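Trainee: next input, structure requested:
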Amino acid sequence: VGGRSSELLEEYCTFAARDNARRGFLFVSKVLGKHYPARPMAMRCSHDLLASFVQLASDDNVAVVGMAETATGLGYGVSESLVRSHPSLSAVFAHTTRYWMKGEVLTFEESHSHAPSLCLHLPENEEHTIKLNRANVLVLVDDELSTGETFTNLVIAYKARYPAIERVHIATLVDFSGE
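Mentor: Below you'll find the model as predicted:
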């Protein structure tokens, strides 16, 4: 985005300090409506923008996963946007969490976090289970990407459970991972 990259960054997020030996800062999104006030239209625009980067074929079956805890709503919004722009799309939404309950889960690590163990609760709903088993595209949604290690850990666990995945898309508001 050329010379506007710092201006765009300021439109989407700010930074805050935190008491964490693994990472003493965190990103605070300005368009999630979670920790910082956001207009609904700004939120929807961010959903639509992220969804626009996901290239889909007409016969794709998509699983969208919002990352805990901050980007669960963002993930749902991206999922809705994908369905709005591809009305015949077979899509299912899920989100990761740090809250453990009864039932089957996929587990993975977010090493820089204050609570590094995360899980994805597998659905008890038969329709959602069928869609997850059929999905050939996985879209991972987060508000920020720093190293990509958490996504890598989730993809490894996810593909072990759902081997039909052929492509993975990362949809994130800010990406500090470099090349």
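
Trainee: okay, Glu10: pLDDT?
Mentor: Per-residue pLDDT puts Glu10 at 76.

Trainee: helix or strand for it, which one?
Mentor: helix 5-12 (DSSP states H and E).

Trainee: repeat for His95
Mentor: Applying DSSP H and E, one finds His95 within strand 90-97.

Trainee: what about that strand, average pLDDT?
Mentor: Strand 90-97 comes out at a mean pLDDT of 93.

Trainee: other residues contacting that strand?
Mentor: 60-69, 72, 75-76, 79, 82-83, 108, 118-121, 123, 128, 131-132, 134-135, 154 (Cβ atoms under 8 Å, 6 or more residues apart in numbering). Glycine gets a C-beta too; all of them are placed from N, C-alpha and C.

Trainee: that one pairs with which strands?
Mentor: strand 61-66 (parallel), strand 117-121 (antiparallel) (DSSP bridges).

Trainee: so which elements touch the helix or strand just after the first one?
Mentor: It stands for strand 61-66. Heading C-terminal from strand 61-66, the first helix or strand you meet, by DSSP H and E, is helix 72-85. In terms of contacts (3 or more Cβ pairs under 8 Å, 6 or more residues apart in numbering; DSSP states H and E), helix 72-85 is packed against helix 40-52, strand 61-66, strand 90-97, strand 137-145.

Trainee: ok, the most centrally placed residue in the chain - contacts?
Mentor: The centroid of the chain falls nearest to Val141 when counting by Cα atoms, centre = their mean (1.7 Å). Applying Cβ under 8 Å, 6+ apart to Val141 gives the contacts Leu50, Val64, Val65, Gly66, Met67, Ala71, Leu74, Gly75, Val78, Ala171, Thr172.

Trainee: tell me which of the strands paired with strand 90-97 is the most buried.
Mentor: Stretch with highest mean neighbour count among these: strand 61-66 (a mean of 25; mean count of other Cβ atoms under 10 Å).

Trainee: any chance you could list what contacts that strand?
Mentor: Contacts for strand 61-66 (Cβ under 8 Å, 6+ apart): 56, 72-76, 78-79, 82, 89-96, 120, 131-132, 134-142, 154, 158, 162, 164-165.
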